[in-house]
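Enquirer: after the sequence you'll find the predicted model.
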Amino acid sequence: MLKMGEMVLKGLNRARFEQRLLAVIKKRLAPIGAFTVESMQSAVYVTPEGDVSEGVMDAALAAMRRVFGLAAVTAAYKTLADMDAMLDAALRLDALKNAKTFKAEARRAVKTFPLTSPQICAKLGEMILDKLPHLSVDVHNPDVTVWVEIREGFAYVHPSSLPGAGGLPSGMGGKAALLLSGGIDSPVAGWRMARRGLELTGVHFESYPFTSPQALEKVFTLAGLLAKWHGEFALFAVPFTEIQKRMRAECPEDYFTILMRRSMYRVTGQIAARHGLSAVVTGESLGQVASQTLESMAVTGQACALPVLRPLVGMDKEEIVTLAREIGTFETSILPYEDCCTVFTPRHPKTKPRLEPVLDAERRGTWKELEQQAAQAAERRVFL
């Protein structure tokens, strides 16, 4: 049983969100096994076709917990809306076998069932105690809560639900480019925007031989980890070395980082134009480094014709790290392989740059002619 999240509030647009959610669910389940997927009354029911192993069901449950748009996920027994059948299902719950205390909770989506929800709870609790006398009832802090949900002639019996990923189904918020480095922040930024229904395409800037092949593999691993939440995830690896070398020779050192990020925006804009992407997502957090002051973000953002989305802008590093651990990207992000942003780092970067000197440096510089070549030479890989 999969419970829909905020999308149930979408009014006349709700059908579009549900259709997209069901399509995502089916696609995620396809590599795991054969399942029937149907929606009813703000819930989605995923039923295996034929007998399947416990491992397959565990894999399906884990995959569903990473689907954006679902508020809660649980493995439930489907049975007839009959008290004896509901008892048999409850006694099969592994969580109940090892518990000392429990309580029963019931919901009736179908009001024609002869007992009210409190009566179902009382009756089922009495029947469980009769079968499992070692248990006792604790309505305030039980080891296990046995849930019964009655819907359209059937009952669904399950322990407490697990939290889902929340947010909105992938693709409902449009398409955007994610500037994906090998650090902690950008994968978290991508995850947060994907959770709002944004379909992402990654753009990574590599500086071989100044950065190692392991640094690129690290980013590929991060892309694969994001794909577990996002679904199919395309990544462009942009060769950036020649641009950086030209820039280093021609620009003022203290403006190097600002000019480099502006170049990244222009290259990303060219990729976005070819692939129908409508925004750029970055992992910037206000004040975290020199290039992320308000003045720096204003000057770098001026080079981008698309909206720049900064979902981490108000988060501190501790909050970002906590979320990186939760979504499974942290351990890869901290592997000791440098990305292109650490190449040619100025000794004293400008923290309050002005736009006029930046534009003057770009007028005199010759690296812009290399940007189109870099965008066209970008290697595309798809992660599932």
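Expert: Received it, and whenever you're ready, just let me know what you need.
Enquirer: tell me the domain ranges of the protein?
Expert: 2-163, 175-383 (automatic domain parsing).
Enquirer: closest to Pro169 out of those?
Expert: domain 2-163 (3.9 Å; C-beta to C-beta). Every residue, glycine included, has its C-beta placed from N, CA and C.
Enquirer: lowest average confidence, helix or strand, in the protein?
Expert: Using mean pLDDT, DSSP states H and E, helix 94-97 stands out as the lowest-scoring helix or strand of the chain, at a mean of 88.
Enquirer: how about stretch 99-119: buried residues?
Expert: Ala99, Phe102, Lys103, Ala104, Glu105, Ala106, Arg108, Phe113 (16 or more other C-beta atoms under 10 Å).
Enquirer: and the lengthiest helix in the chain, what does it pack against?
Expert: Secondary structure of the chain per DSSP state H: the longest helix is helix 256-275. Judged by 3 or more C-beta pairs under 8 Å, 6 or more residues apart in numbering; DSSP states H and E, the packing partners of helix 256-275 are strand 175-179, strand 199-206, strand 233-239, helix 241-250, strand 280-281, helix 294-301, helix 355-364, helix 368-377.
Enquirer: report the rounded mean pLDDT for the third one.
Expert: What that stands for is strand 233-239. Averaged across strand 233-239, the pLDDT comes to 97.
Enquirer: check the last one too.
Expert: Taken as a whole, helix 368-377 has an average pLDDT of 94.
Enquirer: doesn't Val46 lie inside a strand?
Expert: Yes. Counting by DSSP: H, G, I helix; E, B strand; the rest coil, Val46 is part of a strand.
Enquirer: where does Asp58 land in three-state SS?
Expert: helix.
Enquirer: give me the neighbour count for it.
Expert: 12 (other C-beta atoms under 10 Å).
Enquirer: buried residues in stretch 371-382?
Expert: Those would be Glu371, Ala374, Ala375, Ala378, for stretch 371-382 by 16+ other C-beta under 10 Å.
Enquirer: low-confidence ranges, this protein, go.
Expert: By pLDDT under 70, the low-scoring segments of the chain are 340-343.
Enquirer: tell me the bridge partners for Thr79.
Expert: Note on Thr79: beta-bridge partners Ala155, judged by DSSP bridges.
Enquirer: gap between it and Leu87?
Expert: With distances taken as C-beta to C-beta, to the nearest Å, Thr79 is found 9 Å from Leu87.
Enquirer: and Ala43, by the same measure?
Expert: From Ala43 to Leu87 the distance is 23 Å (C-beta to C-beta).
Enquirer: between those two, which one's more packed in?
Expert: Set side by side, Ala43 and Leu87 show more neighbours around Leu87, with 21 against 18, by other C-beta under 10 Å.
Enquirer: what sits closest to the more buried one if chain neighbours are left out?
Expert: Using C-beta to C-beta, 6 or more residues apart in numbering and skipping the chain neighbours, the partner closest in space to Leu87 is Met127 (4.7 Å).
Enquirer: quick check: Ala34 touching Pro48?
Expert: Yes. Here Ala34 reaches Pro48: they are 7.1 Å apart, a contact under C-beta atoms under 8 Å.
Enquirer: between those two, which is the more surrounded one?
Expert: Pro48 (16 against 12).
Enquirer: with adjacent residues omitted, what lies nearest to Gly166?
Expert: That would be Gly5: by C-beta to C-beta, 6+ apart, it lies 5.2 Å from Gly166.
Enquirer: in terms of helix, strand or coil, where does the spatially most central residue of the chain fall?
Expert: Nearest to the centroid of the C-alpha atoms of the chain, with distances taken as C-alpha atoms, centre = their mean, sits Trp191, at 3.8 Å. Following three-state DSSP, we place Trp191 in the helix state.
Enquirer: can you pull the contacts of it?
Expert: If you count contacts by C-beta atoms under 8 Å, 6 or more residues apart in numbering, Trp191 has them with Leu226, Trp229, His230, Leu323, Ile327, Thr329.
Enquirer: just give me the closest of the residues you listed to Met64.
Expert: Among these, and counting by C-beta to C-beta, the member closest to Met64 is Trp229, at 11.8 Å.
Enquirer: so which strand or helix has the closest one?
Expert: Applying DSSP states H and E as the criterion places Trp229 in helix 213-230.
Enquirer: next, the buried residues of that helix.
Expert: Buried residues in helix 213-230 (16+ other C-beta under 10 Å): 215-216, 218-223, 225-230.
Enquirer: is the residue nearest to Leu87 in a helix, a strand, or coil?
Expert: On the basis of three-state DSSP, Met127 is classed as helix.
Enquirer: span of stretch 206-219 from start to end?
Expert: End-to-end distance for stretch 206-219: 10 Å, by C-alpha to C-alpha, to the nearest Å.
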